[in-house]
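1. everything below, folded, please.
(one chain, ligands or ions: 2)
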Amino acid sequence: MVRYVYDFTEGGRDMAGLLGGKGANLAEMTRLGLPVPPGFTVTTEACRAFLDSGGEPEGMWREVSDRLTALERAAGRLLGQPDGPLLLSVRSGARFSMPGMMETILDIGLNDESVLGLAKVSGNERFAWDSYRRLVQMFGSTVMGVDSAHFEREIAVLKETRGVQDDVHLTAGDLAGLVDTFKELIRDETGETFPQSPAEQLRRAVLAVFASWNGERARLYRRREHIADDLGTAVNVQRMVFGNLGADSGSGVAFTRDPATGRPGLYGDYLPDAQGEDVVAGIRNAVPLTELQRLDPGSYDRLRAHMQTLEGHYRDLCDIEFTIEHGTLWMLQTRVGKRTAEAAFAIAAELADEGTITQDEALVRVSGEQLARLMFPRFDADATGEPLAHGVPASPGAAVGAAVFDSAEAVRRATAGEKVVLVRQETTPDDLPGMIAAQAVLTSRGGKTSHAAVVARGMGKVCVCGAEALSVDTGARRFTTPDGTVVEEGTVLSVDGSAGAVYQGPVPLADSAVIRFLENGTRDENAAGTVDAVAGALARADSVRRLEVRANADTPEDAARARRFGAQGIGLCRTEHMFLGERRKLVEEMILAGSDTERDRALAALLPLQRQDFAGILEAMDGLPVTIRLLDPPLHEFLPDRTDLAVRIAAAEARGEVPAPHDVELLAAVNRMHEENPMLGLRGVRLGLLVPGLVAMQVRAVGEAVVERTRAGGAPRAEIMVPLVGDVRELRIVGEEVRRVLAEVSERSGVAVSCPVGTMIELPRAALTAGRIAGEAEFFSFGTNDLTQTTWGFSRDDVEAEFFSAYLDKGVFPTSPFETLDREGVGRLVEIAVTEGRAARPDLKIGVCGEHGGDPDSVHFFHATGLDYVSCSPFRVPVARLEAGRAALEGTDASDSR
Ligand code: PEP
Ligand code: MG
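-> Ligands and ions are numbered 1, 2, ... in the order given. Prediction:
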């Protein structure tokens, strides 16, 4: 038979799934012999049964009644007994903490008779009526569904009539009158009377807490925090203790360490003569815990001892809620406490140093997400006001600068020493100089894998994209917010890339000591603890991880930085950025070439430039693998914009002039090459098959760079990667050309050049035919950006800003599949490709170079799937190292120990 109710003496911390976090920990404290007011927990299973059927689960009430009888017997009093009642609190408590999201009902058991008994036994009439008033109010709104604003209004009217500011100045008589008013209000609003039967109060309160699991607030919170909707909440029924019985009573919250910094020592707040709810509501100012030491040294000492017991037992920072009733200390709640990223690292390191936990456990207790938070400069949290706009938090960190609306202006101002924020509707490769010059990038279109986002993350640059509420007018050099605020060029903006918020005016910044340490080993004295803790966790991760970590980098500077951050090579060197700027002219010539000779001339001019690019990167990564990807984007991306050209030509014609022949020629080419779906068009390996000489030029540049580096005494390890392959024959044709050119370079130079040739797996067809493709490929690298795009049929440049927020709200997925790998769909393709690829070629090296390579959850998946490496932007390398280490410990004692 299913059992729905557990006494606090029967549960324990390992039962959080059934008893909720609060119930499990109350039981654990009870077992430890700490002073917990007695009570019992109605399980999450009962809640689920209630939510499924809409009615009270069979047999639940009998169990509750039995437990209640036991409670009454132990207390020597009955629930709601007229001459000194036992009173109960009814509180929600889910598996994962959802602070304030569900309901609580206190003082169950009070009615028109027992309120008089309570007044007598407490000797405090005002207290008794105030408790009854709270019950009628909470029960009326939570259980009976009366809008809580009605109650608040009645309180406000009464205070005004009495000419008082504060609730505390209302007398016992006032409060008794208020109880009558509330009861009338309930009758008017619901046609029902406030139930006088304590048992009915209890029964309905429990069910109301169950129902609050599906309240709007709770649902919204779960969606944001990625908590499953089907867990349900437990309900804790507990004997009331009172902190509002005078100067020798009070309530407080306490932490065993400082949750902001991790420093050991008792931290917290205490509010004399108050209930716990008053502390949280901030009605009166609480005092620091040290004040309790003065007010009630006995309780303070007991509290300190209990907290020591808890930290020793949980082997972690604990937070608690407590109440002192007439000098007796009661523990009302504990849990392993929430903390800042800084505190998380500091506490884990310290507990490991003390020998309380192992180094592996310390590693499991921190996360890549926390590390990422420590790596970016942050806005001083106290200094932000109301944001101008929200967008997609595409690349974390905080930056301040003057708004500029095009790349040239960004470069101009930055060269003059000004800090700027580049604001665009969306960015294109053309904006790259401006993006480099800017402190931050803000766009009104595009999502986390839009051009702006990918490039900004690669550079470690702050980026908020898809701020759709902003209407950006680059021509007029301004944007307008929905409330009509016009922001002109030059206005200072503060961009929070971690939160996706934009503020007008400068918000002060706090620098990252962790980045300074990773960049050049500097150890800031005032952040030494954090820096050492991060270094320790990374060292441990490196010693246990199986996954290698490479970086996506396409300049020698990025490569060098990635190496300092611990990258073990380059997993993706995108070559398209090398075709921009002054080289664009040569690319144009190549595209417009009317003859083989013209094309060869353009390619020949590009060759030495490419060779130089590759030599620089190979030097920065000397001795480590560098995967160079052949050109991927459609060629028309390197030509001017179609509309701009058309306008230029039309304007010349309107002036009666002959349009520039070059413009006419370019427009014809752009029109010829126009595609409705360029992402599915002539790009990737298809370019290699259709544009004569392109592959040969790029491969020759790689080969000659290898020769150059070898002659200079280096150890270059270039790998050549072919993008967007869908069929083995595509790879075979290009692969043959690659090998032919490399053989030629070897022969001419006398230096043996051999580069592994592999492919990206970024189309479902490639994944499904991976066994055949592995026959031609020496390595695979999953391009999970395109693989997600093509598996879901989501345009990666559009959907995130367009409708992903609606999809997230509707619960289609908990996070964007462009951010965290969709294990069920895309992940399945990855698994198939790994299995079939390795079956065909057992020594096949397999990595991933899509954005997911730096995403903590996805890193765990790639570890479990047996990949050899992940590759991500340089700034995410430390995060990936940490998570790869944590992934290796998954399922071991270290990760099960809490
Ligand atoms: C990918 O598709 O995952 C990838 C790494 O290539 P790109 O983002 O350049 O298309
Ligand atoms: Mg791709």
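2. am I right that residue 482 is in contact with residue 469?
-> Yes: counting by CB atoms under 8 Å, residue 482 touches residue 469, with 5.0 Å between them. Yep, even glycine has a C-beta here, placed from its N, CA and C like the rest.
3. neighbour count for those two, which is higher?
-> Taking other CB atoms under 10 Å, residue 482 and residue 469 do not tie; residue 469 has more neighbours (15 against 11).
4. residue contacts, the more buried one?
-> 389-390, 481-482 (CB atoms under 8 Å, 6 or more residues apart in numbering).
5. residue 94: how many residues sit nearby?
-> Neighbours around residue 94, by other CB under 10 Å: 23.
6. not counting sequence-adjacent ones, nearest residue to it?
-> residue 233 (4.3 Å; CB to CB, 6 or more residues apart in numbering).
7. please report the distance of residue 563 from residue 813.
-> 35 Å (CB to CB, to the nearest Å).
8. so where's the stretch 1-150 of the chain uncertain?
-> Counting by pLDDT under 70, the stretch 1-150 of the chain contains low-confidence residues at 99-100.
9. I misspoke; the intended subject was the stretch 351-500 of the chain.
-> Low-confidence regions of the stretch 351-500 of the chain, defined by pLDDT under 70, span residues 381-383, 429, 448-450, 457-458, 460.
10. please identify the helix or strand for the residue in it positioned nearest to ligand 1.
-> Nearest to ligand 1, among the residues of the stretch 351-500 of the chain, is residue 454, at 6.2 Å (CB to the nearest ligand atom). Per DSSP states H and E, residue 454 falls inside helix 451-459.
11. OK, contacts around residue 55?
-> Contacts of residue 55 (CB under 8 Å, 6+ apart): none.
12. what mean pLDDT does stretch 607-614 get?
-> The average of the pLDDT scores along stretch 607-614 is 96.
13. run the chain-centre distance for that stretch.
-> When distances are taken as CA atoms, centre = their mean, to the nearest Å, stretch 607-614 is centred 39 Å away from the chain's centroid.
14. could you pull out the strands in the stretch 101-250 of the chain for me?
-> For the stretch 101-250 of the chain, the strands defined by DSSP state E, counting those that start in this stretch occupy 104-108, 233-239, 250-257.
15. what lines up beside the first one in the sheet?
-> Using DSSP bridges, the strands paired with strand 104-108 are strand 88-94 (antiparallel).
16. and the angle for the partner strand with strand 233-239?
-> Strand 88-94 runs at 150 degrees relative to strand 233-239, counting by axes from the mean of the first three to the mean of the last three CA atoms, to 10 degrees.
17. quick one: contacts of strand 88-94?
-> Contacts of strand 88-94 (CB under 8 Å, 6+ apart): 19-23, 39, 41, 44, 71, 79, 98, 102-109, 202, 205-206, 209, 212-213, 227, 231-240.
18. quick one: name the residues of the stretch 751-898 of the chain near ligand 2.
-> 762, 783, 786 (CB under 5 Å from the ion).
19. what residue ranges in the stretch 651-800 of the chain score low on pLDDT?
-> The model of the stretch 651-800 of the chain has no residue with pLDDT under 70.
20. list the residues that contact residue 351.
-> 315-316, 357, 361-362.
21. please redo it, this time with the cut-off set to 6 Å
-> The contact partners of residue 351, by CB atoms under 6 Å, 6 or more residues apart in numbering, come to residue 357.
22. in which helix or strand does it reside?
-> Counting by DSSP H and E, residue 351 is found in helix 341-354.
23. how is this structure divided into domains?
-> 5-239, 250-336, 376-510, 554-578+600-633+696-889 (automatic domain parsing).
24. closest one to residue 650 among those?
-> Closest to residue 650 of these, according to CB to CB: domain 376-510, at 17.0 Å.
25. that concludes my questions; thank you for your assistance.
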